[in-house]
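**Student:** Give me the fold of what follows.
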Amino acid sequence: MSQRRALVGIFVILAALFAVSTAEAEAEEKEYVLTLDHTNFSDTVAKHNFIVVEFYAPWCGHCKRLAPEYEKAASILSSHDPPITLAKVDASDEVNKELSTKYRVQGFPSIKILRDGGNKVQDYKGPREADGIVTYLKKQAGPASTEIKSREDAASLIDEKKIFVAGVFPKFSGVEFEKFITLAEKLRADYDFAHTLDAKHLPRGEPVDKPTLRLLKPFDELFADYQDFDVDAMEKFINEASTPKVTVFDKNPDNYPYIDKFFRSKFAKVLLFVNFSSELDAFKSKYDDIAALYKGKDIGFLLGDVQSSGGVFQYFKVNEDQAPLVLGQTNDGEKYLKPNVEPDHIATWVKDFKDGKLKPFLSSEPIPENNSERVKVVVTDSLEEMVFNSGKNVLLEFYAPWCGHCKQLAPILDEVAISLENDPNVMIAKLDATANDIPKGKFEVKGFPTLYFKSASGNLLQYEGNRTKEDIIDFIQKNRDKTIQSGSATSEEPSSREEL
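**Tutor:** Numbering: from 1, shown residues only. Okay, here's the model as predicted:
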């Protein structure tokens with residue numbers, strides 16, 4: 001009997017251990033990130049007052065790196081009170097295309113915070129690692145503005161290295177307070193907000209006797225007050241006051257938010273690049289004075305360290321050996337350049353840039369000495385001669401060396417060029433749009449590859465057909481001018497047996 005009881009006891013223990021291990025295995029296998037698509041997206045989002053959705057592509061490297069962090073964050077946030085739900089949508093799947101369009105997905109991964117059953121959409125602007133995701137989303141799920149009751153509250157909320165927006169009120173009611181909360185809801189992804197009954201709790205600024213919006217910042221004047229509680233006016237004030245007089249571009253991560261804001265802003269831009277270790281003292285004070293002169297005139301100023309600016313140089317297609325250099329960029333993207341600039345020459349150059357007196361700068365690769373390939377290489381400096389003044393029918397591809405679709409199209413264009421190589425009046429060509437600037441007003445290149453066809457008589461069309469050899473050749477034949485340009489004379493290309 002005792003042996004039987006022992007066996008039963010062992011069985012109970014083993015069953016319990018099995019149940020525990022099974023539960024643990026199930027917990028490990030459980031996916032906390034919801035998988036959504038066009039069939040369940042709307043119904044799922046409608047059930048949530050707050051849900052986070054990642055739009056991803058399975059082939060995207062950034063998405064693959066985010067996936068385990070996103071899943072870990074989802075696991076942690078599932079225990080939050082109330083739980084915070086994270087979801088994902090394969091935005092590369094054609095069936096989800098309408099969702100991608102609706103939520104303006106322009107790259108991967110793209111993360112959106114959806115509130116009020118999807119009626120309010122906010123871009124996620126937080127970290128991409130699990131702990132940072134959790135901290136950011138807990139804050140976003142809470143109230144848009146937090147009450148400050150003491151200096152201790154302020155110290156725990158306010159990061160001295162970041163922009164902080166505080167509202168000072170005699171009471172937490174009334175039109176001004178309501179509009180402040182509306183502003184906080186609108187801009188909560190970009191700034192931290194708090195409200196208080198007494199300005200003395202804040203680390204900077206003077207006492208006030210009426211509703212006041214106080215902006216705390218780590219640069220220039222350390223605080224700025226504003227008392228017009230129109231929501232649009234407050235937003236404009238914050239946007240302008242939170243932009244440094246001169247944005248510093250170096251390796252200091254504290255400057256990254258201001259650098260990002262500078263390049264995203266729509267104002268005209270002036271960028272000065274010098275070697276901080278040897279040239280900064282000679283330029284900084286004079287550049288600061290110039291920036292102060294243009295403050296409030298829709299023009300932003302950036303001072304960059306040459307050693308930290310390789311990506312910017314690549315974007316603007318300039319070289320480090322041109323530094324110290326000053327660059328200008330207008331709202332429509334036109335660029336202006338003065339290489340090897342001296343400190344005393346910057347003020348005059350900026351004035352001429354602002355007054356529209358400078359000639360735009362177009363960067364170009366060198367014109368190739370040998371251009372014997374079937375698909376001819378065009379650069380900015382040869383564009384007029386090879387395309388517009390060639391007297392030929394030219395199919396021109398704008399491509400990027402890293403573009404997968406461009407790589408797929410390359411052999412097809414080679415086949416087109418081979419098929420038409422005996423036709424002296426047709427040329428197939430390509431231009432690397434990452435290394436050459438495209439003149440404004442002639443081509444509209446928003447993605448790669450982009451194909452344009454210029455007929456011999458100058459008619460310019462964008463090719464948007466299928467990317468097969470047959471379709472491209474058919475398009476060329478239908479839209480070409482059947483004439484051969486020879487100097488100033490034009491002769492008809494034989495088109496019938498009698499003419500032959």
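
**Student:** ok, the closest residue in space to Thr182 that isn't next to it in sequence - contacts?
**Tutor:** Nearest non-adjacent residue to Thr182, counting by CB to CB, 6 or more residues apart in numbering: Val231, 5.5 Å away. In this view, the C-beta of every residue, glycine as well, is placed from N, C-alpha and C. Applying CB atoms under 8 Å, 6 or more residues apart in numbering, one finds that Val231 lies in contact with Lys179, Thr182, Leu183, Lys186.

**Student:** Could you rerun that using 6 Å?
**Tutor:** If you count contacts by CB atoms under 6 Å, 6 or more residues apart in numbering, Val231 has them with Lys179, Thr182, Leu183.

**Student:** I'd like to know which of the residues you listed are part of helices.
**Tutor:** Lys179, Thr182, Leu183 (DSSP state H).

**Student:** I'd like to know which of those is nearest to Lys251.
**Tutor:** Nearest to Lys251 among the ones in helices among the contacts of Val231, counting by CB to CB, is Leu183 at 33.5 Å.

**Student:** Name the member of the contacts of Val231 with the most neighbours.
**Tutor:** Using other CB atoms under 10 Å as the neighbour criterion, Leu183 leads the contacts of Val231 with 25 neighbours.

**Student:** pLDDT weak spots in the chain?
**Tutor:** Residues of the chain meeting the criterion pLDDT under 70: 1-29, 483-500.

**Student:** next one: stretch 264-281 to chain centre, how far?
**Tutor:** With CA atoms, centre = their mean, to the nearest Å as the basis, stretch 264-281 stands 20 Å off its chain's centre.

**Student:** Show me how the record splits the protein into domains.
**Tutor:** Annotated domains of the chain cover 34-140, 143-241, 247-354, 376-492 [automatic domain parsing].

**Student:** With Ile367 as the reference, name the closest of those domains.
**Tutor:** Once the domains of the chain are compared by CB to CB, domain 376-492 is nearest, at 4.9 Å.

**Student:** now that closest one, how far from the centre of its chain.
**Tutor:** Per CA atoms, centre = their mean, the centroid offset for domain 376-492 relative to its chain is 30 Å.

**Student:** Show the backbone phi and psi for Leu461.
**Tutor:** phi -130, psi 150 (degrees, to the nearest 10).

**Student:** who does it bridge with?
**Tutor:** Phe453 (DSSP bridges).

**Student:** helix, strand or coil for Arg128?
**Tutor:** Secondary structure, DSSP: H, G, I helix; E, B strand; the rest coil: Arg128 is coil.

**Student:** what residues are up against it?
**Tutor:** Arg128 neighbours (CB under 6 Å, 6+ apart): Leu66.

**Student:** swap the cut-off to 10 Å and go again
**Tutor:** By CB atoms under 10 Å, 6 or more residues apart in numbering, Arg128 lies in contact with His62, Arg65, Leu66, Glu69, Tyr70, Ala73, Pro109, Ile111.

**Student:** what's the farthest-apart pair in those residues?
**Tutor:** Most distant of the contacts of Arg128, by CB to CB, are His62 and Ala73, 15.8 Å apart.
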